[in-house]
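K.L.:
dropping the sequence and predicted coords here.
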Amino acid sequence: MGGGPRTFPGGLSKWQYKQMHEKLARQKQRGLLRHEKQLYLRSEIRALADRFSKPGAEDLWNEDDGPLHRAKRPQGGQQQLESGRPRGEANWKDWDDLALEQPRTLARGKGPSLAAFNPKREYRAMAPWWPPSLGFIASKRWYSVMSHPSTVTWQLGPLGARGLDKAREETALPLLNQERLYSVAARRFGRKWRPDSSDEDEEATSTPRRNLRFGKFGASSEEGSEVDESEDTSTIRRRWSSAALRNCDMKKERRVLKSYEEENNDLAGRIRELREEIKNKEVLGAERRHYESRGESLLTNKRFDECGISPLTVKALADVGYLQTTVVQEAALPTCLEGKDVLVKAKTGTGKSAAFLLPAIESVLNAMKNNTNHRVSPIFALVLCPTRELAIQLTAEANVLLKHHDGIGVQSLIGGTRFKLDQRRLESEPCQILVATPGRLLDHIENKSSFSVRLMGLKFLVLDEADHLLDLGFRKDIEKIVDSLPRQRQTLLFSATIPKEVRRVSQLVLKRDHVFVDTVGLGAVETPTKVQQSCLVVPHELHFHMVHRLLREHIDREVDYKVIVFCTTAMVTEFMYIMLRDLKLNVREIHSRKPQLYRTRISEEFRDSNCLILVTSDVSTRGVNYPDVTLVIQVGAPPDREHYIHRLGRTGREGKSGKGILLLAPWEEYFLNEISDLPIEKYPAPDIDKEMKQKVDDSIKIVDMSIKEAAYHAWLGYYNSIADIGRDKTVLADLANRFGASIGLEKPPALYRKTALKMGLKDVPGIRIRK
Ligand SMILES: Nc1ncnc2c1ncn2[C@@H]1O[C@H](COP(=O)(O)OP(=O)(O)OP(=O)(O)O)[C@@H](O)[C@H]1O
């Protein structure tokens, strides 16, 4: 008779079974369609967000929501600006002027068109006294000037006391800010290409990082110019039109053009608000400083059992001795537990991890209560972080907090492990909370549809080290990840550093009505108060000798020493490690060139030990919590201020004391301008006697030639990417060759022609090209 069996699983008839399958297929198809539709909508929304953030669309960020009005540039200010123009940066300024004079008439191919339609710069040049709170002109530099209490008084004082008219005549401030802005501009302008020198992490693969930082959404006009240079006028016109948003403008009411007087009135109002805001923040900051000055830890009087979190979590916290919240936990928990989107800024080592892991657990508990879908087990909470070590650490912390929650599991997805093993682990073990690095997570999303389905149940997303994840090195990956997540979710962003640009870009992942929790406070120092910071400037040929000298000095003084030495690149780290090991120091190394298992083992060893030195690259810069580090040495100029703060933050955690030494060469002193608001003292240069120098030289000799050559290439790549140094290629080549000689290279190793071309080093005297 045929036709197969009469009954099917579950006692269904053939017809019922067929019906059921058809229904399931229809459901699946509907699901896929919904998903596709969601993806399409998101891409549309992102495109729109892009328009909002593009240079030229700044008026949309204006709190008044009014259009950009072209105010007249104060005459006096103009003159002073011209006279005070920094040497060598004249062209930036000239472009500004050009833009001012004939904004829409620049002919194709005529002169430097790049800034012509950048109203941001135009506006800043015209009305430099405009307060930064009004949004777009508050570049990072300006912001840092504003945030310094003394400068705030100086800036706002005249504005408040003499009124706006007088303030407009105030030209010293614009002059200063212009100079700073241009110097930032010049620095960024040069960062066009960055070779393998970065060792921050290998997850950020797609885009060279520093050079493109916030290029697309950035507040500073300078970055826009970087792109503009290669564009023709038609592109520029396109950009100009995007500023108006035209039919893409989603605002319901038409924005009415305001008169110059109206804008001034608005401005006066805004200034009053701003002063109020600063006063409030200063009160908060003062409270906090009081806390710190009492020499206590950052713990508050609030207990975890009063925070409205699950008693089982409170029990787990008590098991590890956490009874009271830290300042950031007290400040962030209530808002996070309310279900709001939050952006949190708090100093390094103050307990941010628990501040987001606790709400993550609560969110999972709620979701599990309400979850009716038993076919797939959704991942309810996702924590993204930039490095593998940090992901492993956060997973371990979450595991501690979940100790008494049976059936809830946390897992990590990081690069350097086997994809198939990850997959099997994800399927076989409970995973309601996932901690991941972006690259590997994306691999799973793109290659495993069942994984994407599990993510569709997501309720809670955290971006730890958010400023870094939203930086261009990671941005594309983060956007793709966010696209594959449900829009109905709570999102938290955490970091110790939140530059102004990040606040804008954060709108891509946060809801509009998100809350900003800042426990550092405007005007307060961003580094831990109990960390003694100093800077030592010696010729870079002596850096290795000096590191050895500083380490010896520290070891002699501290019985339980624990030191981290940060080097600029992975290969320089390796070189430093081999040299220090030969000098009989108890040293370990972590950098991206080491296999993951090795990295994890060393990381654990360093976490649990004393009397150990860790030589590392930027893979250890952010988030990793090694308790009781007594000294952090940073060798060479860090890529930016944020790197400096996060590296320094590996010591002085939990309100403890620590020391940080920044070792610079004389030509790296420009970096001190970036951190001029931090309490950094001059370190008295210790002597390096002949015997000690000889010892170090002997140890340098034993390092393998191939490592030396790789260190030379990496060194060259790193400094080439830093505009202050990479701008003058001849000087750079000379410095690199001096570095090569100091590590025992008789002649500079040759570069591949292609590499030299990319780095702009072809035909540069002193650079050898491989035949
Ligand atoms: N409530 C608490 N009570 C006691 N210790 C705490 C508490 N919260 C956090 N800690 C401890 O403080 C240390 C620093 O915490 P954590 O690593 O979360 O800092 P962080 O702010 O995330 O630092 P970073 O900015 O470097 O990432 C850890 O050792 C952690 O165990």
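P.N.:
Okay, I see it. Numbering: from 1, shown residues only.

K.L.:
please count neighbours and contacts with C-alpha atoms only from this point.
P.N.:
Fine.

K.L.:
so which helix or strand takes in Gln532?
P.N.:
Using DSSP states H and E, Gln532 sits within strand 531-537.

K.L.:
which strands and helices sit next to the following helix or strand past that strand?
P.N.:
Sequence-wise, the next helix or strand beyond strand 531-537 is helix 543-557, with elements assigned using DSSP H and E. If you count contacts as 3 or more Cα pairs under 8 Å, 6 or more residues apart in numbering; DSSP states H and E, helix 543-557 packs onto helix 690-702.

K.L.:
list the buried residues in the helix it packs on.
P.N.:
Buried residues in helix 690-702, counted by 16 or more other Cα atoms under 10 Å: 693, 696-697, 699-700.

K.L.:
now that helix against helix 543-557, angle please.
P.N.:
Interaxial angle of helix 690-702 relative to helix 543-557 (axes from the mean of the first three to the mean of the last three Cα atoms, to 10 degrees): 120 degrees.

K.L.:
next SSE downstream of helix 690-702?
P.N.:
Past helix 690-702, the next helix or strand by DSSP H and E is helix 705-720.

K.L.:
packing partners for that next one?
P.N.:
Applying 3+ Cα pairs under 8 Å, 6+ apart, one finds that helix 705-720 makes contact with helix 570-582, helix 723-726, helix 729-742.

K.L.:
give me the buried positions along the next helix or strand after the longest one.
P.N.:
Reading on from helix 729-742 to the C-terminus, the next helix or strand found by DSSP H and E is helix 753-758. Applying a neighbour-count criterion of 16+ other Cα under 10 Å, the buried positions in helix 753-758 are 753, 756.

K.L.:
lowest-pLDDT helix or strand in the chain?
P.N.:
helix 221-228 (a mean of 28; mean pLDDT, DSSP states H and E).

K.L.:
so who does the residue of the stretch 451-600 of the chain found nearest the ligand touch?
P.N.:
Residue nearest to the ligand within the stretch 451-600 of the chain (Cα to the nearest ligand atom): Ala496, separated by 5.2 Å. If a contact means Cα atoms under 8 Å, 6 or more residues apart in numbering, then Ala496 has 345-348, 465, 526, 646 as its contacts.

K.L.:
which residues touch the strand holding Gln532?
P.N.:
With contact meaning Cα under 8 Å, 6+ apart, strand 531-537 is reached by 651-652, 657-666, 669, 679-685.

K.L.:
can you say which of those residues are buried?
P.N.:
Applying 16+ other Cα under 10 Å to those flags 651-652, 657-665, 669, 680 as buried.

K.L.:
in strands only, show me these.
P.N.:
Using DSSP state E, 658-664, 680 are the members of the buried ones among the contacts of strand 531-537 that sit in strands.

K.L.:
low-scoring pLDDT stretches of this structure, where are they?
P.N.:
1-10, 39-40, 43-297, 373-374 (pLDDT under 70).

K.L.:
which parts of it sit against the ligand?
P.N.:
Contact residues (Cα under 6 Å from any ligand atom) of the chain with the ligand: 322, 324-326, 347-354, 496, 622-625, 649, 653-654.

K.L.:
PyMOL command for the buried members of these?
P.N.:
Remark: buried members of the residues of the chain next to the ligand, expressed as a PyMOL selection using 16+ other Cα under 10 Å:
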select buried, resi 324+325+326+347+348+349+350+351+352+353+354+496+622+623+624+625+649+653+654
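
K.L.:
among the residues of the chain next to the ligand, which lie within helices?
P.N.:
352-354 (DSSP state H).

K.L.:
export those as TSV, with columns for distance to Gln38.
P.N.:
Shown next, in TSV, are those (distance: Cα to Cα, whole Å):
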residue	distance to Gln38
Lys352	32
Ser353	31
Ala354	32
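
K.L.:
Ile414: which of the residues you listed is nearest?
P.N.:
Ser353 (18.0 Å; Cα to Cα).

K.L.:
name the nearest residue to the closest one, ignoring sequence neighbours.
P.N.:
Leaving aside its sequence neighbours, Ser353 sits nearest to Leu394 (Cα to Cα, 6 or more residues apart in numbering; 7.2 Å).

K.L.:
quick one, what contacts the residue in the stretch 501-650 of the chain positioned nearest to the ligand?
P.N.:
Using Cα to the nearest ligand atom, the single residue of the stretch 501-650 of the chain nearest to the ligand is Gly623, 3.2 Å away. By Cα under 8 Å, 6+ apart, the contact set of Gly623 is 348, 390, 465, 646.

K.L.:
one more: Ile702?
P.N.:
Met579.

K.L.:
just His713 next, same as before
P.N.:
749, 751.

K.L.:
one step back: widest-spaced pair of the contacts of Ala496?
P.N.:
Glu465 and Glu526 (14.9 Å).

K.L.:
tell me the first helix or strand C-terminal of the host helix or strand of Leu597.
P.N.:
Element membership of Leu597, judged by DSSP H and E, is helix 596-608. Using DSSP H and E, the helix or strand that follows helix 596-608 in sequence is strand 612-616.
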